[in-house]
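Chemist: Could you look at this predicted model? Sequence included:
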Amino acid sequence: MLKILKYSFFDLMRSSWSYVYFAFYLLLGIVLLFLNNDLSKAVITLMNVIIVLVPLIGTIFGVMYYYNSKEFTELLLAQPLKRSSIFLGQYLGVAISLSMSLVLGLGLPFIAYGLFKSNAIWDFSLLLVVGVFLTFIFSALAFNIALSNENKIKGFGYSILMWLFLAIIYDGLFLMSLILFEDYPLDKVSLIGTMLNPIDLSRTLILLKLDISALLGYTGAVFKQFFGTSFGLIISFLALTIWVVLPILRIVFKSKKKDF
Amino acid sequence: MVEITNLYKKFGKNDVLNGIDLSIKEGGIFAVLGPNGSGKTTIIKTILGMVIPDRGSIKVFNTDVKNNSDYRHQIDYLPQIANFPSNLKVSELIKMIKDLRGKTDADQNLIEKFKLGPFLNKKLGTLSGGTKQKVNIVLTFMFNSPIIILDEPTTGLDPISLIRLKELIEVEKSKGKTILITSHIMSFVEEVADKIVFILEGKIYFKGSIAELKTKTKQQDFEHAIANILTENHA
């Protein structure tokens, strides 16, 4: 698996897209820090960007890489390699190279700004960790969709829909259901609802850490009340880990049964 | 060496393989023939584990191929359409496959034989179809495995390369290897093949030598013998 990972990783590192992605974060980091001059505000703005954009990029790159490397995959399938190592290697190649662009792109300007001397370092690290989690989750979901759809256009369509649903539509539905059923006790429902969407979960996680109650919203408040800050953090990290593990398991399972 | 029993495969509603039984115990060149869509490539891909059969079993050197990948060390495979990652250079691809499969020095010889030297530093996406096929041949023959599977090996080759390919196949045969070939070029098949396996509608219709096929169909030459099977079964 490591060999496949190595080849996928270097393949992506040579493509110009990784650099565009890296340059985008670099620019974003520089603009936010040096024009804003307020570190904690910069972290919140970054959170809003990361939470929407990282899933989108992970989804698109995941689907694109899967379909683009079809030839490579077919070549590998005839070699004495396990299917699971072929697909996991490719998946990890995508996820790791995207995570690297993110961490380096945002990390460099922050280090240049003097992050190590400020107390925002933990908030910022948490932001990066959540970004990495989201990259792993959404590229795994994208791989799942691509594995199940031979047709490229369909695969792309479904993955964009998935992103749209989780990033935007889900929140709307969630809010509407909370208003509709306001006569009932909704604490547990809203907790579960948050767990079921990795984007909501990440937002709650970061806001819990930043301790900005005004931005927490209803679910965040319930979360905090129910679990407390530190236990809430642990629970949401666990949920994020499950969100990574389940799609990966399906990649392994699905790839074993697929015809090429 | 290769033992296929009662193999079934469906793609959607399309029955591609309908109970294939095929046993290859000795070395030599076996040509898998049949009309378009008869399941030739599917059989090859099930042997390689790329297509997973609905029913039946395949054994290569007495190991079941199901959920196994190590047996593929025994097989060299030339795919039908040479699709390579287009942003890799030829030399990088050769190096990569060597890295994945093990060391070999036979590639130098083959590169020379097919005059691929000037292309080594070109990207695969820029190569012509015939040149890609030559790269494909180098990748296949550079490992010394006891089973060789060639899916339409002649596609896009110029006459000189075709002669070189035939020589190569003869050399490998003389080492006692089992070589499976599919092709639609009947003259090529007649020239190289020892045995014919004819597939029709997902079943093995005939297995034997070319002479046996001619007697069975009462035809003088090979091409007509094949055409005879097809017309009789589609009439």
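Modeler: Received, thanks.
Chemist: The residue nearest the centre of chain B: what secondary structure?
Modeler: Against the mean C-alpha coordinate of chain B, by CA atoms, centre = their mean, the closest residue is B:Leu150 at 2.1 Å. Under DSSP: H, G, I helix; E, B strand; the rest coil, the three-state class of B:Leu150 is strand.
Chemist: Kindly export stretch B:110-123 (C-alpha atoms) in CSV.
Modeler: Presented in CSV, the C-alpha positions along stretch B:110-123 are these (Å, rounded to 0.1, in the frame of the first residue of the first chain):
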residue,chain,number,x,y,z
LEU,B,110,13.1,-5.4,-25.1
ILE,B,111,13.5,-1.6,-25.4
GLU,B,112,16.2,-2.2,-27.9
LYS,B,113,14.2,-4.8,-29.8
PHE,B,114,11.3,-2.5,-30.3
LYS,B,115,13.4,0.6,-30.8
LEU,B,116,11.8,2.4,-27.9
GLY,B,117,15.1,4.2,-26.9
PRO,B,118,14.1,7.6,-28.3
PHE,B,119,10.7,7.5,-26.5
LEU,B,120,12.0,6.8,-23.0
ASN,B,121,11.8,10.4,-21.9
LYS,B,122,8.5,11.2,-23.5
LYS,B,123,5.3,11.3,-21.7
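Chemist: follow-up on the earlier one: the residue nearest to the centre of chain B contacts B:Ile179, correct?
Modeler: Yes: judged on CB atoms under 8 Å, B:Leu150 makes contact with B:Ile179 at a distance of 6.8 Å. C-betas here are computed from N, CA, C, even on glycine.
Chemist: Near chain A, which residues of chain B? Just list them.
Modeler: B:11, B:45, B:48-52, B:67, B:69-73, B:75, B:77, B:79, B:83-88, B:96-97, B:99-101 (CB under 8 Å from any CB of the partner chain).
Chemist: Could you tell me which of the residues you listed count as buried?
Modeler: B:45, B:48-52, B:69, B:71-72, B:75, B:77, B:79, B:83-85, B:88, B:96-97, B:101 (16 or more other CB atoms under 10 Å in any protein chain shown).
Chemist: Retrieve the pLDDT associated with B:Ile229.
Modeler: Looking at B:Ile229, its pLDDT is 82.
Chemist: one step back: where do the contact lists of B:Leu150 and B:Ile179 overlap?
Modeler: Common neighbours of B:Leu150 and B:Ile179, counting by CB atoms under 8 Å, 6 or more residues apart in numbering or on different chains, are B:Ile169.
Chemist: Show me which positions of the helix or strand where A:Arg250 lies end up buried.
Modeler: A:Arg250 is part of helix A:229-257 when elements are defined by DSSP states H and E. Neighbour counts over helix A:229-257 (16+ other CB under 10 Å) mark A:232-233, A:235-237, A:239-240, A:243-244, A:247-248, A:250-251, A:255 as buried.
Chemist: Likewise for stretch B:182-193?
Modeler: By 16+ other CB under 10 Å, the buried positions in stretch B:182-193 come out as B:182-183, B:186, B:188-190, B:192-193.
Chemist: Among the buried ones among the residues of chain B next to chain A, which ones are in helices?
Modeler: Among these, the members falling in helices (DSSP state H) are B:45, B:48, B:96-97, B:101.
Chemist: could you redo the residues you listed as a markdown table and give each row pLDDT?
Modeler: Below are these laid out as a markdown table (pLDDT from 0 to 100):
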| residue | pLDDT |
| --- | --- |
| B:Lys45 | 90 |
| B:Leu48 | 89 |
| B:Met96 | 88 |
| B:Ile97 | 88 |
| B:Arg101 | 87 |
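Chemist: so which two of those residues are the farthest from each other?
Modeler: Maximum pairwise distance in those, criterion CB to CB, is 22.0 Å, between B:Lys45 and B:Met96.
Chemist: so how far is the longest helix anywhere in chain B off the chain centroid?
Modeler: Counting by DSSP H, the longest helix found in chain B is helix B:159-174. How far helix B:159-174 lies from its chain's middle: 14 Å, per CA atoms, centre = their mean, to the nearest Å.
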